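J.: the sequence and its predicted three-dimensional model are supplied below.
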Amino acid sequence: MIDRRHFLAAAAATALAPALPASARAPLSGNQVPGIYRRKLGDLEITAILDGYIPFDTKVFSGGDPAAIRQSLATAGQDERLPTAVNTFVINTKDKTYLLDTGAGAWNAMGDTMGRAESNLRTTGITPEQIDAVILTHAHPDHHEGLLTAQKTARFANAELIINETEYAFWHDDGILNQAPAEVKPFFASARNALAPYASRTRKVKPGEVAPGLTLEHAPGHTPGHSILRVASGNEQLLLVGDSIHNVVIQTAQPEVTFVFDADGKQAAASRRRVLDMAATDGLLISGAHMPFPGFGKVLKDGPAFRFIPADWSYVL
């Protein structure tokens, strides 16, 4: 029990104690932690790698009820500024190391907020030379420009490149290029330049299994050959949905909402609804290229629409 005499003695001692030096305060870091996150899937290890973000806003979305979009964002505590993650994924099996999409590399047409995938990859202890295959969901710059070094040579010296055959053919079709609007033509140049160093080791595939446990499934609309990757190990499955979702709040509540870079908005919306319904019906874990990093979670049906529930972060692999 503390009586008055002991209290006054303690107070006096505290008053006479020297002040802590200012250097004892923790300085501001000014740096973010590396954008990496690992989780297990059966016998596999999945690592989400953050490339950065694109400073979008609601103007990039159309085809839905604007008031409902604002309400969905407000309910989620968001405003109309929508910084959008750019995620890539490493799938480690017992035998191979696969990379799904590559990030933007040195491509900075939308600013300097991307291009960190290689640095974050190295932080995981993986070098580009250790990647056995790069799988592309589609050939847009924020997914494929990381194939190149700053000197425009192949970043992944030992990797096979795997891409849907329809996607590859689209970007290499001169007839389509010649009819494309002027503002779209740079996307063709970007795709051709990024894929060219891998020409002799490119595998153009139909939908189906591209490696043990890895199945590339066609989900067209965003681009003609846009694909998602189903990863399976034992009884566990993960859908990596690429650009089927650009904003998880808006496009689960209103799957019909389209994105400015969708080649065929109606088809993209139909693919999105099919992917969301499949994930919800089968209780699948999902993540995607533009979901809030690291993006893992489950989809629930919510009347005629859906809801995304982020997965808890796991402290132990």
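T.: Ah, there it is. Numbers count the residues shown, from 1 in each chain.

J.: from Tyr198, how far off is Gly52?
T.: Distance, Gly52 to Tyr198, by Cβ to Cβ, to the nearest Å: 23 Å. Quick note: C-beta positions are derived from backbone N, CA and C, even for glycine.

J.: ok, the two, which is more surrounded?
T.: Using other Cβ atoms under 10 Å as the criterion, Gly52 and Tyr198 rank with Gly52 on top: 23 against 20.

J.: can you report how many residues neighbour Pro83?
T.: 12.

J.: pLDDT at it, what is it?
T.: Looking at Pro83, its pLDDT reads 94.

J.: give me the number of neighbouring residues for the closest residue to it other than its chain neighbours.
T.: Excluding the flanking residues, the one nearest Pro83 by Cβ to Cβ, 6 or more residues apart in numbering is Tyr53, at 4.6 Å. When neighbours are defined as other Cβ under 10 Å, Tyr53 has 21 of them.

J.: tell me the contacts of Tyr53?
T.: Counting by Cβ atoms under 8 Å, 6 or more residues apart in numbering, Tyr53 touches Pro83, Thr84, Ala85, Val86, Thr113, Met114.

J.: the same query, at a cut-off of 7 Å, please.
T.: Shown in contact with Tyr53 (Cβ atoms under 7 Å, 6 or more residues apart in numbering): Pro83, Thr84, Ala85, Val86, Thr113.

J.: what's across from it in the sheet?
T.: Applying DSSP bridges to Tyr53 yields these beta-bridge partners: Ala85.

J.: and it, how far from Gln32?
T.: Distance of Tyr53 to Gln32, given as Cβ to Cβ: 11 Å.

J.: ditto for Arg155
T.: Distance of Arg155 to Gln32, given as Cβ to Cβ: 23 Å.

J.: tell me the SS of Arg273?
T.: Here Arg273 takes the helix state, with states given by DSSP: H, G, I helix; E, B strand; the rest coil.

J.: what about the closest residue to it other than its chain neighbours, how many residues close to it?
T.: Closest residue to Arg273 apart from its sequence neighbours, by Cβ to Cβ, 6+ apart: Pro255 at 4.4 Å. When neighbours are defined as other Cβ under 10 Å, Pro255 has 24 of them.

J.: Pro255 falls within a strand, correct?
T.: No: the assignment for Pro255 (three-state DSSP) gives coil, which keeps it out of a strand.

J.: that one contacts Leu276, correct?
T.: Yes: if you go by Cβ atoms under 7 Å, Pro255 and Leu276 touch, sitting 6.1 Å apart.

J.: neighbours of Ala268, how many?
T.: Per other Cβ under 10 Å, the neighbour tally for Ala268 reads 28.

J.: right, and it touches His222 too?
T.: Yes: the pair Ala268 and His222 passes the contact test of Cβ under 7 Å, sitting 4.9 Å apart.

J.: ok so, going back, higher neighbour count, Arg155 and Gln32?
T.: Arg155 (23 against 8).

J.: how much space between the more buried one and Lys59?
T.: Counting by Cβ to Cβ, the gap from Arg155 to Lys59 is 33 Å.

J.: what about the helices in the stretch 1-150 of the chain?
T.: Counting by DSSP state H, counting those that start in this stretch, the segments of the stretch 1-150 of the chain that form helices are 4-16, 66-75, 117-123, 141-144.

J.: pick out the shakiest of the ones you listed, pLDDT-wise.
T.: Mean pLDDT per stretch puts helix 4-16 lowest among the helices of the stretch 1-150 of the chain, at a mean of 53.

J.: for this protein, what are the low-confidence residue spans?
T.: 1-24, 315-317 (pLDDT under 70).

J.: let's see 90
T.: Residue ranges of the chain with pLDDT under 90: 1-27, 29-32, 64-65, 78-80, 94, 107-112, 312-317.

J.: ok, Phe306 - contacts?
T.: Neighbours of Phe306 in contact, by Cβ under 7 Å, 6+ apart: Thr252, Pro255, Leu276, Ala280, Val299, Leu300.

J.: filter those residues down to just the buried residues.
T.: Among the contacts of Phe306, the ones that count as buried by 16 or more other Cβ atoms under 10 Å are Thr252, Pro255, Leu276, Ala280, Val299.

J.: for the strand or helix carrying the third one, list every residue counted as buried.
T.: The one in question is Leu276. Taking DSSP states H and E as the definition, Leu276 sits inside helix 265-282. Residues of helix 265-282 classed as buried under the neighbour-count rule (16+ other Cβ under 10 Å) are 265, 267-273, 275-276, 278-280.
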